[in-house]
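Peer 1: with the input below, show me the fold.
(one chain, ligands or ions: 2)
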Amino acid sequence: MGICIALAGNPNCGKTTMFNDLTGANQYVGNWPGVTVEKKEGKYTRDKDVTITDLPGIYSLSPYSPEEIVARDYLLEGGPDAVINLIDATNLERNLYLTSQILNLGVPVVIALNMMDLVEKNGDKIDVAGLSKELGCPIVPTSALKGRGMEDVVKAAIDAAKGNKVPATQMKFDAAVEEALTKIEGVLGNKVPAAAARWYAIKLFEAEDKTITDLKLPKADLDAIAAIRESIEDKFDDDAESIVTAERYNAISHVIDKTVKRTRTGLTTSQKIDRVVTNRWLGLPIFIVIMFFVYWLAVSVGGGVVTDWANDGISGDGWLYTGGAAYEEATAEYEDAHSQVVAYVENILGVDEESELPSDESQEVLDALAAEEPEAPEDDADADAVADYEDAMAEYEDAQALVADFDEQAESTHAVATMEVEDEDGNVEEQQITFADYQKALEVEEPDPSDGTWGLWIPGLGAIIGNAMEAADVAPWLQSLVNDGIVAGVGAVIGFIPQMVILFLLLGILELCGYMSRVAFIMDRIFRKFGLSGKSFIPMLIASGCGVPAVMSTKTIENEMDRRMTIMTTTMIPCGAKMPIIALVFGALASGDSSATWYVAPLFYFLGVIAIIISGIMLKKTKLFAGETTPFVMELPEYHMPTVKSILLSMWERVKGYIIKAGTIIFLSTIVIWFLMNFGDAGSGFGLLDADEPDYMDYSLMAGLGNLLAWIFAPLGFDNWQATATAVTGLVAKENVVATVGIITQLADYGEADPQLWFGFLQMLGASKAAVVAFCAFNLLCAPCFAAMGTIRQQQNNAKWFWITIGYMCGFAWCVGTMLYQFVGLATGEVSFNVFTVVAIVIAAAMLFQLFRPMPKRKEEQSK
Ligand SMILES: Nc1nc2c(ncn2[C@@H]2O[C@H](COP(=O)(O)OP(=O)(O)OP(=O)(O)O)[C@@H](O)[C@H]2O)c(=O)[nH]1
Ligand SMILES: [Mg+2]
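Peer 2: Ligands and ions are numbered 1, 2, ... in the order given. The predicted model follows:
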């Protein structure tokens, strides 16, 4: 017959670490309390007959918080055959409080004295044998992190379960209280299991409602118990519950005096570090500096170097593996020549003032210069192919004529262009380009890394698939679906993984070493001023990875209103999937000068935090959320070096989600988006659009959908279908935003780190920087992706609250976007005063009013 062992203990004492070690599972571990919120089961790796259950951490068995109820019901209703009670040995006083309750339950208990490695390091001595005698149950010293004592503790638990060895002696209370408890046990007789008699006696003595309703005792018994209780309450001049609590703590300090020898004087290392990092003044600046650094590393370094590399290999053409230096040189030479050509053409035909890109006329000539002669069809080609060739040839000839015209004009006017060049020391010089220079520059060919002359070339996945389909003569629409839809869309997500790996590695280290629980403590001081709880910060922190686990983790917030409010706001933090949007916007705003604008990426993180604080204050003053905030109780765990394995695990846990998403939701949505973009009615009936036509997308279903909704975004500065469609696809998954911009601008091959896409994106938003800012803010703050919305529905557990959440997020995002576009636009001169400016002013005034008005008085308070 199988044996069932439960792991119970305070939050953050190492239960999940032990559970993972015993069962080979990979449950989430974090160095802050309340990581596990549901009980989890697994099989012991060394003996499949033994089932191990990981319970959420609890401080006591009183039925106040959801976790306490889960754990208590499970233990009381005969779930486990034995309980392993984990104790954080560095914090015996607090941990033994729960132990003193578990010992009363009448189930076999084995204590795992965990974190012994830290105790040894601190130099404290615990008399394990003595402690075991005092508590009346076996004790095994362990270190779950280092895997020490794991087998012994399970063996002891199996023995205890087989022999049904319930704890022998119990921690005794004051004689008068003990006498009262014995009397109550007498009243109960055999109405409760003998082994748990003391548990029930204490609960009835405390007059705990849950126990009284559960037991359904006759009135006479209840009266007798009430009389016993009152006599003791009179004697101690205190209520029964406080008497029991005090007695438990007395018993604990008695046990500790006898068995623990402290050698330590002064502060521990953890306390010393905390004096700095949780300092009233330094705490917040230190946190900000750390977060800036983390995001900067992930976005600039990881995003730049590593993502480029991955993008080349996955959705791009491929890598040049050897001979890179010569290729680089040739590329530099080509780029120099190319910029001479561009400068020369621009000099004659002009530049667009606003965007500083070539004017339309210049672009036409540049395109003509780049045109290639089409390949003649084979002799046995069909009529269609011949017709296509003739069209292409005619186009090519037009281009040649345009170039000839331009050359003639240039030569006859003896035009000389000047171009600014920067030498190695950063000095800017002017270079003259004559007609002869221009013609010479045209001769320089772009080096092709894959032509075999530069070194070993490894083709990218996209190129391989593309060529294979070409060779197999796959229908053009299917090629387009696979290349432009699936490879581009899924590739954009996968190419982003390197950045996430860096981000989550760093966040994982901060979490596991214990720093992040300090941050919750620091944030609580700030949040409290605004009527929010510091507990809301943990979900926000997790949201920087992904909104789904973040919304799940709100379970640990006991106060219902605080919990609902945290669910409503927590996904405003930029999650991993929103990072490419930030990178894109960052590029469009700063033209990629990452050294001068390195602060943009972390700024959006703080935009999220500020949006949450503002939302919190405003919501707190509405009827829905009025009320007191609950006090924040969370002790600070000791710092420790996390193991490499645990860091990698925590990173993998989060990255895994993206990979699964890329294979499922993103995969499906790229197909749907491709369909919406490529089907429509261009005048000749509904069907596949001809992708060779310019502007074919304007006739697509997506354009229709976008146009239908575009009016909503007019005040935010992007009332065209392209930007609207992008925001809508973002609701499915935020990864879609960049992918959709890529498809719409037909620059999907470039990725969010490429200037081409930045300019395309800027053009899509009417070359308005204010609109770019508004677009970004809207997409970051509005309702999250499908997956997160599903989790919100589940956690709000109520349709009305779900819609309030989604409605609030979208409404808030719209308001912020409108204000940003109107005000930033006014400041930069991109917007002139209009109706929506008035709307923005009204919104701003309403928000300020809601933020600064005093907390409204509630009816209940007035009646008191
Ligand atoms: N030094 C040391 N650290 C440990 C030990 N056991 C666990 N930890 C660390 O303590 C932290 C908390 O571990 P968890 O396993 O998540 O704790 P838990 O009891 O499951 O916490 P909740 O799920 O919040 O109830 C993690 O950072 C672990 O790496 C140990 O024996 N020694
Ligand atoms: Mg846990």
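Peer 1: ok, Leu705 to ligand 2 distance?
Peer 2: Distance, Leu705 to ligand 2, using C-beta to the ion, to the nearest Å: 45 Å. Just so you know, the C-beta spots here come from the backbone N, C-alpha and C atoms, and that holds for glycine as well.
Peer 1: whoops, Leu366 was the one
Peer 2: Distance of Leu366 to ligand 2, given as C-beta to the ion: 61 Å.
Peer 1: also Ser684?
Peer 2: For Ser684, the distance to ligand 2 equals 62 Å [C-beta to the ion].
Peer 1: got the phi/psi numbers for that residue?
Peer 2: phi -110, psi 30 (degrees, to the nearest 10).
Peer 1: quick one: it from Tyr699, how far?
Peer 2: 10 Å (C-beta to C-beta, to the nearest Å).
Peer 1: which one of the two is surrounded by more residues?
Peer 2: A direct count of neighbours by other C-beta atoms under 10 Å for Ser684 and Tyr699 places Tyr699 higher, at 19 against 9.
Peer 1: quick one: common contacting residues for Ser684 and Tyr699?
Peer 2: Among the neighbours of Ser684, none is also in contact with Tyr699 (C-beta atoms under 8 Å, 6 or more residues apart in numbering).
Peer 1: list the contacts of the spatially most central residue of the chain.
Peer 2: Centroid-nearest residue in the chain, with C-alpha atoms, centre = their mean: Gly545, separated by 2.0 Å. Gly545 makes contacts with 503-504, 507, 575-576, 654, as judged by C-beta under 8 Å, 6+ apart.
Peer 1: look up how far ligand 2 lies from it.
Peer 2: According to C-beta to the ion, Gly545 and ligand 2 sit 18 Å apart.
Peer 1: likewise for Ala201?
Peer 2: For Ala201, the distance to ligand 2 equals 32 Å [C-beta to the ion].
Peer 1: what sits against the residue lying closest to that residue once chain neighbours are set aside?
Peer 2: With sequence-adjacent residues excluded and distances taken as C-beta to C-beta, 6 or more residues apart in numbering, Ala201 is closest to Ile184, at 4.2 Å. Ile184 makes contacts with 201, 204-205, 225, 228, as judged by C-beta under 8 Å, 6+ apart.
Peer 1: how about a cut-off of 10 Å?
Peer 2: Contacts for Ile184 were tallied using C-beta atoms under 10 Å, 6 or more residues apart in numbering; they are 197-198, 200-205, 221, 224-225, 228-229.
Peer 1: okay, and the nearest residue to Leu204 once chain neighbours are set aside sits in which element?
Peer 2: With sequence-adjacent residues excluded and distances taken as C-beta to C-beta, 6+ apart, Leu204 is closest to Ile225, at 5.1 Å. Per DSSP states H and E: Ile225 is located in helix 219-236.
Peer 1: contacts for that helix, please.
Peer 2: 174, 176-177, 179-184, 186-189, 191, 201, 204-207, 212, 215, 217-218, 238-244, 246-247.
Peer 1: centre of the chain to that helix, how far?
Peer 2: Computed by C-alpha atoms, centre = their mean, to the nearest Å, the chain-centroid distance of helix 219-236 equals 53 Å.
Peer 1: buried ones in it?
Peer 2: By neighbour count, with 16 or more other C-beta atoms under 10 Å as the criterion, the buried positions of helix 219-236 are 221, 224-225, 228-229, 232-233, 236.
Peer 1: doesn't Gln432 lie inside a strand?
Peer 2: Yes: counting by DSSP: H, G, I helix; E, B strand; the rest coil, Gln432 is found in a strand.
Peer 1: that one pairs with what?
Peer 2: In this entry, Gln432 is beta-bridged to Thr418, by DSSP bridges.
Peer 1: next SSE after the helix holding Ile225?
Peer 2: Downstream of helix 219-236 (by DSSP H and E), the next one is helix 240-259.
Peer 1: what packs against that following helix?
Peer 2: helix 92-102, strand 125-126, helix 128-135, helix 175-188, helix 197-205, helix 219-236 (3 or more C-beta pairs under 10 Å, 6 or more residues apart in numbering; DSSP states H and E).
Peer 1: right, and the helix or strand after that helix?
Peer 2: Once the chain leaves helix 240-259, the next helix or strand it forms, by DSSP H and E, is strand 260-261.
Peer 1: just how off-centre is that next one within its chain?
Peer 2: 43 Å.
Peer 1: any stretches of the stretch 701-850 of the chain with poor pLDDT?
Peer 2: Regions of the stretch 701-850 of the chain meeting the criterion pLDDT under 70 cover residues 746-755.
Peer 1: show me what contacts the closest residue to ligand 1 within the stretch 251-400 of the chain?
Peer 2: Proximity of the stretch 251-400 of the chain to ligand 1 (C-beta to the nearest ligand atom) peaks at Ser270, 11.1 Å away. Residues near Ser270 by C-beta under 10 Å, 6+ apart: 90, 118, 122, 514, 518, 636-640.
Peer 1: which of these tops the neighbour count?
Peer 2: Scoring the contacts of Ser270 on neighbours with other C-beta under 10 Å, the highest-scoring entry is Pro637 at 24 neighbours.
Peer 1: is it correct that that one is in contact with Asp88?
Peer 2: Yes: using C-beta atoms under 10 Å, Pro637 makes contact with Asp88 at a distance of 8.1 Å.
Peer 1: list the residues that contact both of these two?
Peer 2: 11-14, 115, 118.
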